[in-house]
Structures are given as C-alpha cells and as structure tokens.
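Chemist: Mind folding the following:
(one chain, ligands or ions: 3)
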Amino acid sequence: MKIESLRHLRGPNVYLSRPAVVARVRLEELAGVETSDVTGFAERLLRVLPGLAEHHCAAGAPGGFVSRLRGGTYFGHVTEHVCLELSQLIGRDVSFGRTVSAGEPGGYDLIIECPVDESPGSSVPCELLETAAGLVTAVVDGRPGELALDDLAARAEREAAGPSTRAIIAAARRRGIPVERYDDLSLLRLGWGNRRRLAWAAMTDQTSGVGIDIAGDKQVTRRVLTEAGVPMPAGGAARTLDEALRLLGELGGPVVVKPRHGRHGEHVALHLNTPDQVEQAFRAAGADVIVERELGGRDYRVLVVAGEVVAAAERIAAHVVGDGSRTVAELVEELNADPRRGTGHSRVLTRVEPVPSVLERQGYKGESVPAYGKKVWLCSTGNLSTGATSHDVTDLIHPEVSRLCLRVTALLGLDIAGIDLRLPGIDAPVPPAQSGTEAAAGVIEVNAVPGLRMHLAPVEGRPRDVGDAIVRAMFPAGSDGRIPTVAVTGTNGKTTVARITAHLLAGHGLRVGLTTTDDVRIDGRVIFRADATGPRSAQMVLGDPGVSAAVLETARGGLLNRGLGYDWSDVGVLTNITADHLGQDGLATVEDLAHVKALVAERVRDGGTLVLNADDPWVRTLIGRPRVRADRKRVVWFGLDAGQPVVVEHLARGGTAYLADDGWVLQATGARRTPLLRVAELPGAYGGAAPHVVANTLAAMAAARALGAGQDEVCRRVAEFDPAVANPGRGTLLRLGDVSVFVDYAHNPAALAATLRTVHRLWGPDRCVAALTLPGDRRDDLLAACAQVVADAVSRVVLYDDEDPRGRTPSEVSELVEREMRARRPKLTALRVSGFADAVVEALRLARPGDVVLVIYEKLAPVLALLEELGAVPAPPARP
Ligand code: ATP
Ligand code: MG
Ligand code: MG
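Modeler: Ligands and ions are numbered 1, 2, ... in the order given. The predicted structure is shown next:
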C-alpha cells in the first residue's frame, strides 16, 4: 500500500463542513483483497488497536466497523479507521473519515477530518496516514510489532494550540466569529476585513506596547506603581552585587531576588536572609535584579480584561506530602504522572522540576523520605510554569482589591493584565500605602500577556471562561466580526459577475476586496496576481483590514482540492452549470460538477441570499438539495426568460427576481415590475446581442441589492461599468482597418456558443474568422464538443495551441479540433499555426472587409499587445 499524495482542505469542503485531508492511496498488493480473505486479520488488528471496537462506521453504532472488518471490507477503508484510531491515541480528537474510490482499481481517496485549529502545513496527518498504512500492511503480514506513537504525540502536542489559545478560539466560534490561526503559533486572526482583530495569546492588537514594556521591566513597574501610591514591597534594582547586598542590609531579611526582566518565575529566589544566599540568587538571576522585601501572605493572581476583573486565583507552589515510605523523588514522579501535567504551556498544568536549593533549605534531598503528612515544597514560586496549582477565588475577591487591580492595569495603560498580589486574604481590603511605612501586603508585579490556564482549569473551584472575556473585549455588543461577503461560482461568467458586483458595491460606499481568475484587488488596486479563485486568495481578502466587503470568485479547482476559504457567506451566486472540466479530479458528469458548486449555495448563511440562474436547469435543481436548505435562505432568481415556471411560481409567492423582458432589465417582486434600465444601455451587452452578458449583469445587480445597495445607485453604477477597462478579454471589441476584432476567453462549449451567438447577431452569418485555442487539460469529448460548436458557426478557422499543453503533446489539441471540425463541416477552411501571433495574423489575412476576427486566447495581455501593435483601436461599445 502506498500514499501517493495528500492535500489539505482548509475550510468547509464537499465532504465535510470542517477541515480535512484527502489522501490518495494505492493499495497495490492489497488491491482486490478483502479483510475476510486474510485469515485472522480482524483479530490481529483488534489486538493492536482495541479501540476500533468502538468505531461506528455505516451501521451507526459501536461495533459497526468490527462487523465490516469480519464480514470483509477493503483495505483503504481499514486504513481510514486505523488512522482515526491512531489520531485518538495521540490525543488528536477527530472522528470523521470516509473512503471513496478514486476511479481506478486499487486507488482510493481517504478523507480524514483534521482539528479545526491544526495548521494546514502540519505534517501530523501525513505521518498518521503513513503509520496507519504501515500498520495495516504489517498486520496483514502477521508481524504487527510495537506501536511507537510517542514522537508523533509529542509533535501533535507541540503544534496544537495551547489551552489559552484554545479557549479564545472556542469562545470566538461560539459567537460565530471566524477565527484563523497562523500556522502553529498562538497568533489568531478573529473576524474579517475592517472588523478583523488580532490576538496573540492574551495580547490583542489593542494592548499597549508601552504597557507591555513597563510590565516587562520590574523596576519601571515599581516606579510607576509606587509613585502612584500603589502598595508594593519595599526594595529596588541592583546591577552589582554590592548594590544587592546594600539593599539586603537596608531591608533586612527575608528578601526576594528576581531578574529585572524575568518571566514565568524563572530564577526567582525567595526567603533569602544572608549575603551568601543573596549572592547566589544574584548570580543565578543574571546580575540585573530586583531585591525586595518578601511580603507574607498568600499568592493571588487577578485577571483584568477591558476594565473588568474577570477571574482571580490563588496559586500554591508545587509541593508533595510525605507518606513516610516513599522518597521525595518518587513522590515527584507520581505528581508528574498526572496527565494534566505537560511540558511548558501545552497542558493545563506544568511538570515539576524540584529546585535543589529549595529542598536543601527544608533539609531534604531527592532520596530523603519525608515523614507522613509532612509538606515538602519543590519550588518556591507560585507560577504555573514552575508546577504550581491554582484555586479559583473569583467569588471571594473584595471590591477594594478589584478596584486596586483595575487601577494598576489603567496605570500601565494595559487592556488585559494579570496582577500578582501577596495578601493575607483576597477577601479583605489591602491597606493603602502609607508614607514612611513599608507595605505589608500589596502588588508584586503586573503581567502583560498573562497566562490563562490557572483560570481555565483550576485544580479547585470553578473554571472561568476568560477566553470569552477576551473575545467580548475585542468584539463588543455581540458583533460577529464579519463583513458582507459574496461568493460567485458557476461554469462561465464568474469573473465578470464578480467584477460587476464589486463595482456596484464600491458605489455603495464599501471598500471591496475582490478575488478573480486574474488577481486579488483591494479597493480597485491589484495587490496580488494569480489565479485567485481558491481559499488562500479568499483569506487574503478576508484578512485585510482595509476591506469592508468581499466578493470572491470561487472556482471548481479550489472548491474541490482545497475547500472553501470561508465558513459562511451572505450571498452565493450561481451563474450556470454546464460541461467543463469533466474527467478532471474525479468529476465524470455535469451532475458531479453541480455537486461541487452546490457547496457555495450550502455555505450561504441562514437568512442570506441565493442568487440563482433560472434559465439553467442544473442551477434550478440546487434549491431541492437538502444540504442547500433553501428554505432558510432568501432566493432571488435572475434570467432572460420571464416565463420560466420556477420564476413565475416564485413571484406568485411574493418572491423577487431580476429579469430581462421586452427590452428592459427589471426587478420583479410579487406582481410588481420595476423597470430599471434598457437592455440596450447595458455595457458590454452590445445592445442585447450578448444575452450572456445581460444575464451576468442581472446576477451582479441581484447580489449587490441583496447586500443593501440602493436601486438607483445600482442602476447608475451598472451604466458606468466599462468592460473594456474593468473586464477586458471577455467580449472586447476592437477595430483594425475595415475588420472588427472580438477578443474572448471562451473555453468550453457553452461559452463558445454564447460568444458565437453574439458574433452571429452582430455581423450576420459567415462573417467570422476564428483564431482558436483550447486548454489541453480538457477531456477529448469536451474538446470535440467545442470543435463542433465552432464548426456550426464559422467556416474559416486558424487553430493554434496553448503555450502550456497541459499534459498533451504540443499540437495534439489543434489536431484534434481540426479533425472534429472537418468531420462536422467538410467545406471548412482550417489552418494550423504555432502560437497566437501567427494565428491572429493569419486570421486577419483570411478576413474580408466588414468581417470579424474572433480571437480566443490563453493569455490576454500578449494578445492585446500584439493587436495594438498591428494598429487595432477600441471600437465604440454599442455598435461594431
Ligand atoms: P473561468 O472559469 O476561466 O474563471 P469565468 O467563469 O470567470 O471563467 P468569465 O471570465 O467571466 O468567466 O468569462 C469567460 C468567458 O465565458 C467569456 O469570455 C464568455 O465567452 C463566456 N461567458 C461569460 N459569461 C457567460 C454566461 N453567463 N454564459 C455563457 N458564457 C459566458
Ligand atoms: Mg473555467
Ligand atoms: Mg474567472
């Protein structure tokens, strides 16, 4: 068995509404073999992975998979379940899997769910699949060996979001706020466009940089707070040992020595009384330290978020309690065996590394056996990262303590802060600082970017949803952080509709982010050139704070191979669904295409709008698909045939449609008809000779109106749209001497038919010479269908091949097209040349005065440059 390829589907996809990977697996020696053909396979596998007994599979109940295993199932399916089980075993909680035939014998696609916050770049899914495939093969061969998953578990834990980040992600998701995590970092992007906010653990894009710097320097913090009258332990900064010893002399013991810029309790030494102890601590802390009076009392942490105390915890330093028989080392080992304890901040508690000097001071070593009931401190600091535990005391906090903490946070200019205090109890007020008297209780330090684990998962007391508090602070008043979003899909006209829609929304005062086949634009400016119709481009727009609405061309390739780049849109436009790309990526029929494109309709939010082409039979079927849930959405039809039964019924029920009827573009709602523009005025529609452009414009108008653009504004903006500039190469008309040149991007039968219909209407029969190329990645029968459409409409053609043959020999496509055209139209004049330049020149040579040369291109820019060089000029838009 071999894993041939693996791709990540980052958003909702045709299989699942969550991220997943798709692995193409070749069964090789196991092709055609079923589990029941291998004696003892099921038992051997269950011995290695007993958890498989719980898997449901098609039966929908635990044990479902085991009965399939015994009854006989193929090995792709087994690998899927093994992979899911291994995933569970390494603590990566996912449950959805599916295996489908990849079209060839022995080839399967395994679709396996991924955790929502796993980086699309993670190698964990791939390694899980490799391990699963290896294990299945080994079990077949009867040599199942040991399962070694430790490395993989460690990697998954390292890459997974930690508890604090997870809490913020979960809180945002509950509020419907879109969240994206940057790779395996704790950096999160919440919301879209100009509502987008960043959070990096407990730091937001509004956390003051000055505040962070103050909090990061314990001496500056001391100055700022003591000058403001906040009670703090007496003390000061020392850069030399002499200064440190002088402070000890002044203060008298016990003192605390800590690094001036330290964090996580590292190198903090408590209970120091002698110059020797201070010297040791001074050196350990890196010789730039704070020496301060050690306050008595308990360690508290108060979390302030956006002017509110949201949680308080008491922290108790790591310790063990003797049982009179085990050693300190053995007791520590037991403590660390707690599965809640991990390394660093990956789990809710941290493993303990006892500090030898702390043990020594109490008279212990690792091998000492403390008496029964004797408490042995392992570390002196109350930081969770040194193994301390936390106990929720939020309900006990005295209002005066709360006020003090809010004031401290404000003094540092922070929006989120964790205030460390040492107090006899948090349920009593802290006595105010008094001139000439040392504070006996007060604030020890302030943490910008405080850890959240102690509040999320205290060992005692109620967990506090501090992730929600942070999200609430970033998105007040119930905002979901979303911007208006339109997704456009279909076989033809996506780019055109997306561009017109963006143009209309810009007139509505929105700064539009637009993705199309050609580029990504923000507010009209190109920021990235690429075929930008997949999820990454969508994210580029949605992640841009300069954008207040998004229009996303969403094409089949991205949809199928990478998933959607968003979870829900407000508006989904389906232009049409006709034959193209069949035979690619496992799509055999137009129905398969409809299934893929339906995803855009499914992912329109409840209450959003479906803009659907009423003239297209496949688009009409979409509203009947259960997953589209058309009943929860507004449907707006558009079309050129006002008599379509689906439109008539829709209007009878009071619905809305955008139609072209009797020379007018109109909005119909119920029985009311509002004429909006004359068809003859529509830019790029050549007085109605290009009905497909009329349809595209109707779709765009419906989409813009669904997002609240006003009727007059939409009509005015439609009339202002200049396709020659804003949508070049989709029916662009030029004039060169006494011939016309019509440049178009048709590359499938429906698009060619639409364009040739326009040419026919404008110039009449047999006035067209076509310079034609077609993409080599299309199946032979699709190319043949294109050839027939062209042959039915033109008698003179110059064929050339794309620069990129897309897997064919260089002249294969033009030969095939010529053969098919000649079969259809024996009296054809056909030339085959190499390259677009020769094709254009030859086609111009074949043209007679008054004819039109139709140029179908692979890349637009060089074609337009050549035509300009030859002397072609833009023709007036309405008439040739
Ligand atoms: P692609 O799949 O290459 O991204 P697209 O769907 O974005 O294409 P456009 O770039 O808008 O489509 O138009 C490409 C060509 O498709 C046009 O030049 C025209 O020939 C044809 N076309 C556009 N709109 C329609 C339509 N509504 N119906 C049929 N053909 C159309
Ligand atoms: Mg296409
Ligand atoms: Mg396009």
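Chemist: List the contacts of the residue at minimal distance from the centre of the chain.
Modeler: Residue closest to the mean C-alpha point of the chain, counted by C-alpha atoms, centre = their mean, is Glu180 at 4.9 Å. By C-beta atoms under 8 Å, 6 or more residues apart in numbering, the contact set of Glu180 is Leu188, Arg189, Gln539, Gly543. Glycine gets a C-beta too; all of them are placed from N, C-alpha and C.
Chemist: ok, and the most crowded of these?
Modeler: Within those, most neighbours by other C-beta atoms under 10 Å means Leu188, with 22 neighbours.
Chemist: May I have the beta-bridge partners of that one?
Modeler: Beta bridges link Leu188 to Arg181, Ala199, judged by DSSP bridges.
Chemist: contacting residues around it?
Modeler: For Leu188, the contacting residues are Thr165, Ile168, Ile169, Ala172, Val179, Glu180, Arg181, Tyr182, Leu198, Ala199, Trp200, by C-beta under 8 Å, 6+ apart.
Chemist: Tally up the residues packed near the residue nearest to the first one when sequence neighbours are not counted, please.
Modeler: Using C-beta to C-beta, 6 or more residues apart in numbering and skipping the chain neighbours, the partner closest in space to Thr165 is Ser186 (4.4 Å). Ser186 sits with 20 neighbouring residues when counted by other C-beta under 10 Å.
Chemist: thinking Ser186 is in contact with Ser164, fair?
Modeler: Yes. Counting by C-beta atoms under 8 Å, Ser186 sits close enough to Ser164 to count as a contact (7.2 Å).
Chemist: Which neighbours do these two have in common?
Modeler: Common neighbours of Ser186 and Ser164 (criterion: C-beta under 8 Å, 6+ apart): Ala201.
Chemist: The closest residue to Ile577 other than its chain neighbours sits in which helix or strand?
Modeler: Among residues not flanking Ile577 along the chain, Trp618 sits closest, at 3.7 Å (C-beta to C-beta, 6+ apart). Trp618 belongs to helix 617-622 when assigned by DSSP states H and E.
Chemist: what comes up buried for the following helix or strand past that helix?
Modeler: Using DSSP H and E, the helix or strand that follows helix 617-622 towards the C-terminus is strand 634-639. Using 16 or more other C-beta atoms under 10 Å as the test for burial, strand 634-639 gives Val635, Val636, Trp637, Phe638, Gly639.
Chemist: Dump the residues you listed into JSON lines; add distance to Pro683 and pLDDT as well.
Modeler: Formatted as JSON lines, these follow (distance: C-beta to C-beta, whole Å; pLDDT from 0 to 100):
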{"residue": "Val635", "distance to Pro683": "27", "pLDDT": "98"}
{"residue": "Val636", "distance to Pro683": "22", "pLDDT": "98"}
{"residue": "Trp637", "distance to Pro683": "23", "pLDDT": "98"}
{"residue": "Phe638", "distance to Pro683": "17", "pLDDT": "98"}
{"residue": "Gly639", "distance to Pro683": "20", "pLDDT": "98"}
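Chemist: Let's see stretch 514-533 as CSV, backbone CA atoms only.
Modeler: Provided in CSV are the C-alpha atoms of stretch 514-533 (Å, rounded to 0.1, in the frame of the first residue of the first chain):
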residue,chain,number,x,y,z
LEU,A,514,-12.2,41.1,-4.9
THR,A,515,-10.7,37.8,-6.0
THR,A,516,-10.9,36.5,-9.6
THR,A,517,-9.1,34.3,-12.0
ASP,A,518,-6.7,37.2,-12.7
ASP,A,519,-5.8,38.7,-9.4
VAL,A,520,-6.7,39.9,-5.9
ARG,A,521,-7.8,43.5,-5.7
ILE,A,522,-8.5,45.7,-2.8
ASP,A,523,-10.5,48.8,-3.4
GLY,A,524,-9.7,48.6,-7.1
ARG,A,525,-6.0,48.1,-6.7
VAL,A,526,-4.2,44.9,-7.7
ILE,A,527,-2.3,43.5,-4.7
PHE,A,528,-1.6,40.0,-5.9
ARG,A,529,-1.5,38.4,-9.3
ALA,A,530,-2.6,34.8,-9.5
ASP,A,531,-5.5,32.6,-10.4
ALA,A,532,-7.1,33.8,-7.2
THR,A,533,-10.2,31.6,-7.1
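Chemist: Touching it from outside, list them.
Modeler: With C-beta under 8 Å, 6+ apart as the test, stretch 514-533 has contacts from 494-495, 498-499, 502, 506, 511-513, 537-538, 540-541, 544, 546-547, 550-555, 557-558.
Chemist: In strands, which of those residues appear?
Modeler: Mapping those onto strands (DSSP state E) picks out Val512, Gly513, Ala550, Val551, Leu552, Glu553.
Chemist: Now for the third one, how many residues are close by?
Modeler: Which is Ala550. For Ala550, the count of nearby residues is 29 (other C-beta under 10 Å).
Chemist: my guess is it contacts Val486, does it?
Modeler: Yes. Counting by C-beta under 8 Å, Ala550 touches Val486, with 7.1 Å between them.
Chemist: burial of Thr575, as a residue count?
Modeler: As a burial measure, Thr575 scores 27 neighbours (other C-beta under 10 Å).
Chemist: Give me the number of neighbouring residues for the residue of the stretch 551-700 of the chain found nearest ligand 3.
Modeler: Ranking the residues of the stretch 551-700 of the chain by distance to ligand 3 (C-beta to the ion) places Glu553 first, at 5.4 Å. Glu553 has 30 neighbours, counted by other C-beta under 10 Å.
Chemist: Could you pull up the residues touching it?
Modeler: Glu553 makes contacts with Val488, Thr489, Lys494, Thr495, Ala498, Leu514, Thr515, Thr516, Thr517, Ala532, Thr533, as judged by C-beta under 8 Å, 6+ apart.
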